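A.B. asks: my questions concern the predicted model and sequence given below.
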Amino acid sequence: MKNSKSEAKSDDGVDRRAFVKTAAAVGATGLAMPVWGSATANDRIKVGLVGCGGRGTGAANQAINADPGVLLWAMGDVYEDRLRNSLNGLKNEHGTRVMVGDERRFVGFDAIDKVLDSGVDVVILATPPGFRPDHLEKAVGAGKHVFCEKPMATDMPGLRKVMETAKKAKDQGTQLMSGFCWRYAAPERAMYGEINDGAIGEIESVHSTYHTGPLGTRARTPDMTDMDFQLRNWQHLNWLSGDIIVEQAVHSVDKMNWAMGNRPPVKATALGGRGLREGAERGDVFDHFAVVYEWDNGARGFLTCRQVPNCSNDNTDWIAGTKGIGFVNGWAPRQSNLKFADGSKEFRYKGGTPNMYQTEHNELFKAIRDGDLVNDGDWMTQSVAMGILGREAGYSGRTITWDEIMNSAKAIVPEDPKFGPMPPLEIPAPGVYKFS
């Protein structure tokens, strides 16, 4: 595989290391409406998309919107129909800025390798998360800038690989931006910035919820292998998604981590189960968790998450400090405010609320143009580790320490995934499941 850090010329003769400096001289006029001049050959940033589902397609759309020099250059997915549907939608939206010819449409488990070898400068990693550690390692090894969707792994061996890869990206100066979108939301940045600066004193407790309905499923058809069936229902398979606490509610875990100044807890105790999961499509994941995280200073974080139909939904965060409290409502009506114990005027965010998904890409491509470095590696992997910690505590029914989870050897992702039969699923049972 060619490494773009050492390959001086692209397939259209453009010096890859020069295009950033040339474009940066044009300048930027802001994040909401970035303008860096016309997309001449040496201004182009070629993007590859790996994982062409809804989130990947959305990320590709935001990448194109972020910078007039961005071209979608290559696409890869394990399924041709998903790639085709994504491509057609993006072409309808962006026309000639989608330049994915037949020769740069790659299908199969090895699509990542072919996308990386197609001449791209940036790669969007948006496959089911079980594949993320290997894909990220390959992308950074090839010298690419990376937008890496969350979560970054579904087990600790995979996450430790991500940690090492993130360090490599930092050392070599390539971008690594995570899909933890709330970190790029203006109201939350303002409020958590105040909290981290000590506005409400030392944090004593955080209470976070992610209560929502179940995700969709796809019925099995006669032509599906076991692997097909699992991939088409990947949100419901632990090895592919990490379960609901790692795949979805990890956003709330990440905000808890943020509130605590990105300091890891010392242990976690949890409850969990699957009271309403029915049918093979629902795989082996739970439909609810309740986790208590504990920190070395006595602070506690309380997380509840569920995917159950016909129930009240909620996505809020309460942060209690020695000098006041903070409140975030991530869903409508959006709120981010602080109240102070001394009765002084509360902090209430009143600024604009630009699309946080778009802000991520605006900042990523501006960093590429300006020669700055974005690397979310440390805190993004810590948030995922906290999610895995909560899951394993819920599966096992035992208190698990931070040191135990960081040294966990339990690997749940197949070493060589391929279409065909898969082992029977085993539903975790608290008190029976063995953490290792």
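C.D. replies: Done, it's in.

A.B. asks: domain-wise, how is the protein divided?
C.D. replies: Here the domain assignment for the chain is 16-180+360-375, 183-353+383-406, based on automatic domain parsing.

A.B. asks: okay, those in a markdown table with distance to residue 421 and mean pLDDT next?
C.D. replies: C-betas here are computed from N, CA, C, even on glycine. Converted to a markdown table, these look like this (distance: least, CB to CB, whole Å; pLDDT from 0 to 100):
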| stretch | distance to residue 421 | mean pLDDT |
| --- | --- | --- |
| domain 16-180+360-375 | 16 | 89 |
| domain 183-353+383-406 | 5 | 97 |
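
A.B. asks: arrange these in TSV, one row each, with mean neighbour count and distance to residue 428 as further columns.
C.D. replies: Converted to TSV, the domains of the chain look like this (neighbours: other CB atoms under 10 Å; distance: least, CB to CB, whole Å):
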stretch	mean neighbour count	distance to residue 428
domain 16-180+360-375	20	13
domain 183-353+383-406	19	4
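
A.B. asks: and the strands in the stretch 251-400 of the chain, which stretches?
C.D. replies: All strands of the stretch 251-400 of the chain, identified by DSSP state E, counting those that start in this stretch, fall at 267-273, 288-294, 300-307, 316-321, 324-329, 335-340, 347-348, 400-401.

A.B. asks: picking that back up, tabulate the domains of the chain (JSON lines), appending distance to residue 420.
C.D. replies: Output for these, formatted as JSON lines (distance: least, CB to CB, whole Å):
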{"stretch": "domain 16-180+360-375", "distance to residue 420": "12"}
{"stretch": "domain 183-353+383-406", "distance to residue 420": "5"}
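
A.B. asks: so for residue 431, which of these sits nearest?
C.D. replies: domain 183-353+383-406 (4.8 Å; CB to CB).

A.B. asks: quick revisit: for residue 355, find the nearest of the strands of the stretch 251-400 of the chain.
C.D. replies: strand 335-340 (16.0 Å).

A.B. asks: longest strand of the protein, counting residues only.
C.D. replies: strand 203-212 (DSSP state E).

A.B. asks: so what touches that strand?
C.D. replies: 195, 248-249, 251-253, 255-256, 259-261, 298-307, 311-322 (CB atoms under 8 Å, 6 or more residues apart in numbering).

A.B. asks: okay, the angle between it and strand 316-321?
C.D. replies: If you take axes from the mean of the first three to the mean of the last three CA atoms, to 10 degrees, strand 203-212 sits at 180 degrees to strand 316-321.

A.B. asks: CA atoms of strand 203-212 as CSV?
C.D. replies: The C-alpha trace of strand 203-212 is given here as CSV (Å, rounded to 0.1, in the frame of the first residue of the first chain):
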residue,chain,number,x,y,z
ILE,A,203,-17.9,18.5,40.5
GLU,A,204,-19.6,16.1,42.9
SER,A,205,-22.1,14.3,40.7
VAL,A,206,-23.3,14.0,37.1
HIS,A,207,-26.6,12.5,36.1
SER,A,208,-27.1,11.7,32.4
THR,A,209,-29.9,10.0,30.5
TYR,A,210,-30.3,8.6,27.0
HIS,A,211,-33.9,7.2,26.9
THR,A,212,-35.2,6.5,23.4
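
A.B. asks: which SSE is immediately downstream of it?
C.D. replies: The first helix or strand that comes after strand 203-212 along the chain, using DSSP states H and E, is helix 226-232.

A.B. asks: what are the contacting residues of that following helix?
C.D. replies: By CB under 8 Å, 6+ apart, the list of residues contacting helix 226-232 from outside reads 78-79, 128, 218, 220, 224, 237, 240, 280-281, 283, 417-422.

A.B. asks: if you set the cut-off to 6 Å instead, what comes out?
C.D. replies: 218, 220, 237, 419, 421-422 (CB atoms under 6 Å, 6 or more residues apart in numbering).

A.B. asks: that helix: how far from the chain's middle?
C.D. replies: Centre-to-centre, helix 226-232 and its host chain are 22 Å apart (CA atoms, centre = their mean, to the nearest Å).

A.B. asks: using CSV, write down the CA coordinates of that helix.
C.D. replies: Only the C-alpha atoms of helix 226-232 are listed here, as CSV (Å, rounded to 0.1, in the frame of the first residue of the first chain):
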residue,chain,number,x,y,z
ASP,A,226,-25.2,-15.5,9.1
MET,A,227,-22.7,-12.7,8.5
ASP,A,228,-25.1,-10.9,6.1
PHE,A,229,-27.8,-11.1,8.6
GLN,A,230,-25.6,-9.7,11.3
LEU,A,231,-24.2,-6.9,9.2
ARG,A,232,-27.7,-5.8,8.1
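
A.B. asks: list of residues touching the helix or strand following that helix?
C.D. replies: As assigned by DSSP H and E, the chain's next helix or strand after helix 226-232 is helix 238-241. With contact meaning CB under 6 Å, 6+ apart, helix 238-241 is reached by 128, 130, 154, 234-235, 247, 284-285, 412-413.

A.B. asks: which strands or helices does the helix or strand just after helix 238-241 pack on?
C.D. replies: Per DSSP H and E, helix 238-241 leads on to helix 244-247 as the next helix or strand towards the C-terminus. Judged by 3 or more CB pairs under 6 Å, 6 or more residues apart in numbering; DSSP states H and E, helix 244-247 is in contact with strand 300-307, helix 377-396.

A.B. asks: now tabulate those in TSV and tack on distance to residue 124.
C.D. replies: Putting the helices and strands packed on helix 244-247 into TSV (distance: least, CB to CB, whole Å) gives the following:
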stretch	distance to residue 124
strand 300-307	26
helix 377-396	15
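
A.B. asks: indicate which one of the ones you listed is closest to residue 83.
C.D. replies: helix 377-396 (26.8 Å).

A.B. asks: show me what that closest one is packed up against.
C.D. replies: helix 156-172, helix 244-247, helix 250-259, strand 267-273.

A.B. asks: is it correct that residue 175 is in contact with residue 374?
C.D. replies: Yes: under the criterion of CB atoms under 6 Å, residue 175 makes contact with residue 374 at 5.0 Å.

A.B. asks: just want the most central residue of this structure.
C.D. replies: residue 150 (1.5 Å; CA atoms, centre = their mean).

A.B. asks: from residue 389, how far off is that one?
C.D. replies: From residue 150 across to residue 389, the span is 16 Å (CB to CB, to the nearest Å).

A.B. asks: same deal with residue 117?
C.D. replies: 37 Å.

A.B. asks: what of residue 336?
C.D. replies: 27 Å.

A.B. asks: ok, now residue 195?
C.D. replies: 22 Å.
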